[in-house]
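Asker: My questions are about this predicted structure, shown below with the sequence.
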Amino acid sequence: MPDTATMDKIVALCKRRGFIFASSEIYGGLGSTYDYGHYGVLLKTNVKNEWWRAMLQERDDIVALDSAILQHPRTWEASGHLAGFTDPMVDCRTCGQRFRADHLQDLPCPQKPSKHPGEGPSCDLTEARDFNLMFETTMGPVKDSGATVYLRPETAQGIFVNFKNVLQFSRKKPPFGIAQIGKSFRNEITPGNFVFRTREFEQMEMEFFVPPAEAAQWYAFWKQARHDWYTELGLRDDHLRMREHDPDELSHYSSGTADVEYLFPIGWSELEGIANRGNFDLTQHSEYSGQKLEYFDPQTKERYVPHVIEPAAGADRATLAFLVDAYDEDDLGGEQRTVLKLHPRLAPVKVAVLPLVRKDGQPEVAREIFTALRGRMQAEYDEGGSVGKRYRRQDEIGTPFCVTVDHQTLEDRTVTVRERDTLTQERVAIDDLADTLAARLAAPWQSPKLGAAASG
Ligand code: GAP
């Protein structure tokens, strides 16, 4: 069954409900940068919190780090980014546009969109040349060459340069990991597809340092663990696959890299990369900094440079995948509803409290319930418009439960709990409400779209 979610529908919903919209919109936007509104912030925060939970709370061999975005420029010499973090670029002398030379077959010619750049009658492309993707800026008031610094293009290097610090303070020994979430910046030649590829984005990266002999085993472990993280949060298994890189795709230091790919509306595309990076990074930083970045095992008296397994994910790209996977359009007996069937743990708002009418003491009771619930979960109070319209609004932002206060509530202190996915309605005593909702939010969940596909 074809998926109802298209990129246009996702973009429209995100704008309509204030999840994500173009940055600096009043000035006409700024090429491929986006701002997150209230529900977008809540959703992406939930994605990041689930990542932290999997990395920190559910394990005892990973510690957290928040390193600076601006790092010593030698970092990028050692990592190889200064010399090699490039994409091949071509210019068209006719239309003045730039394209990634290796993506021409995926792009339309700006002047003749039915053709690819270079194929139109007036196209005049230059030879391909390397373009470094790092953004440069200047540190301090004097703009001389020694003051050049870079906005980090990945969070990973902040972890490697802190290996010694963390080893000292965390009282960990390999195998152990350092996890970080933060902004990264890449001057992408052809960004696009909404927040899939932007110039400013957030990464969730973890570097797992292991004894060299254990690298292959931990590489296999993290591939499986990262695949399972997405399915446990509701991504449909048949929309997710692991693609092992061919030997000619591998970086010279990597002995294995696999991409978790998701079937986005633009086709199968990378969601996260898992790489077996060997001892490349620590060795390079050791050489460039003159500091020993190694581990001495007091038991075996062995000294070695740990190997690194790196699961590197994008918070924005993961958020987009969860939105796409959740997007659905239901036919409710002739009436259409758009709904985000998000995993309840990811849903921006867990419960909306709605008085059926704005009189007869219902708003007062509804506000009392809302105040009691919001200490336990993200809740919203809404009394504007017909109840049907309010349900539709909550469906569109993916709220799993709506609690409705009606005339019966004032008689017996019960409310109606409406479930987003099944549309069932059930009466629950106000006194039991918070516990009932908390239990349902914690229960295992799977995408209702899975069942629909099987029966469709
Ligand atoms: N340290 C390894 C590293 O950065 P990567 O595959 O270049 O690896 C990891 O990036 C993840 O970061 C990607 O799988 C993707 O989810 C996200 N990402 C990379 N570039 C991005 C961009 N321009 N816009 C949005 N997300 C991006």
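Answerer: Done, it's in.
Asker: For the stretch 201-350 of the chain, what lies in contact range of the ligand?
Answerer: Residues of the stretch 201-350 of the chain found near the ligand (CB under 6 Å from any ligand atom) are 201, 203, 205, 270-273, 310, 312-314, 316-317. Just so you know, the C-beta spots here come from the backbone N, C-alpha and C atoms, and that holds for glycine as well.
Asker: Kindly indicate which of those lies nearest Ser286.
Answerer: Ranked by distance to Ser286 (CB to CB), these are led by Glu310 at 17.8 Å.
Asker: can I assume the closest one sits in a strand?
Answerer: Yes. Checked against DSSP: H, G, I helix; E, B strand; the rest coil, Glu310 lies within a strand.
Asker: ok, longest helix in the chain?
Answerer: Ranked by residue count and defined by DSSP state H, the top helix of the chain is helix 215-232.
Asker: check contacts around the residue nearest the centre of the chain.
Answerer: By CA atoms, centre = their mean, the chain has its centre lying nearest to Ala315, at 2.2 Å. Counting by CB atoms under 8 Å, 6 or more residues apart in numbering, Ala315 touches 44, 47-48, 51, 181, 201-204.
Asker: ok, now Leu342?
Answerer: Shown in contact with Leu342 (CB under 8 Å, 6+ apart): 43, 234, 322-323, 326, 398, 400.
Asker: Pick out the residue of the stretch 251-400 of the chain closest to the ligand.
Answerer: Of all residues in the stretch 251-400 of the chain, Gly314 sits closest to the ligand, at 2.4 Å by CB to the nearest ligand atom.
Asker: That residue: how many residues sit nearby?
Answerer: When neighbours are defined as other CB atoms under 10 Å, Gly314 has 23 of them.
Asker: and stretch 168-187, how far apart are its ends?
Answerer: Using CA to CA, to the nearest Å, the end-to-end distance of stretch 168-187 comes out at 35 Å.
Asker: I should have written stretch 322-332 there, sorry.
Answerer: End-to-end distance for stretch 322-332: 24 Å, by CA to CA.
Asker: list the buried ones in it?
Answerer: Residues 322-328, 330 are the ones in stretch 322-332 that count as buried (16 or more other CB atoms under 10 Å).
Asker: Stretch 84-99 too?
Answerer: Those buried within stretch 84-99 under the rule 16+ other CB under 10 Å are 85, 87, 89-92, 94-95, 99.
Asker: Over to Tyr39. Which of the three states is it?
Answerer: helix.
Asker: ok, it to Asp328 distance?
Answerer: Using CB to CB, to the nearest Å, Tyr39 is found at 17 Å from Asp328.
Asker: cool, and Arg376?
Answerer: Taking CB to CB, one finds Arg376 at 27 Å from Asp328.
Asker: And for Phe131?
Answerer: Here Phe131 is placed at a distance of 40 Å from Asp328 (CB to CB).
Asker: what do you get for Thr75?
Answerer: According to CB to CB, Thr75 stands 45 Å off from Asp328.
Asker: which SSE is Ser318 in?
Answerer: You called it Ser, but residue 318 is Ala. Per DSSP states H and E: Ala318 is located in helix 315-326.
Asker: so after that helix, what's the next helix or strand?
Answerer: Taking DSSP H and E, what comes next after helix 315-326 is strand 327-332.
Asker: who does that next one touch, helix- and strand-wise?
Answerer: Where contact means 3 or more CB pairs under 8 Å, 6 or more residues apart in numbering; DSSP states H and E, strand 327-332 is packed against helix 7-16, strand 335-340.
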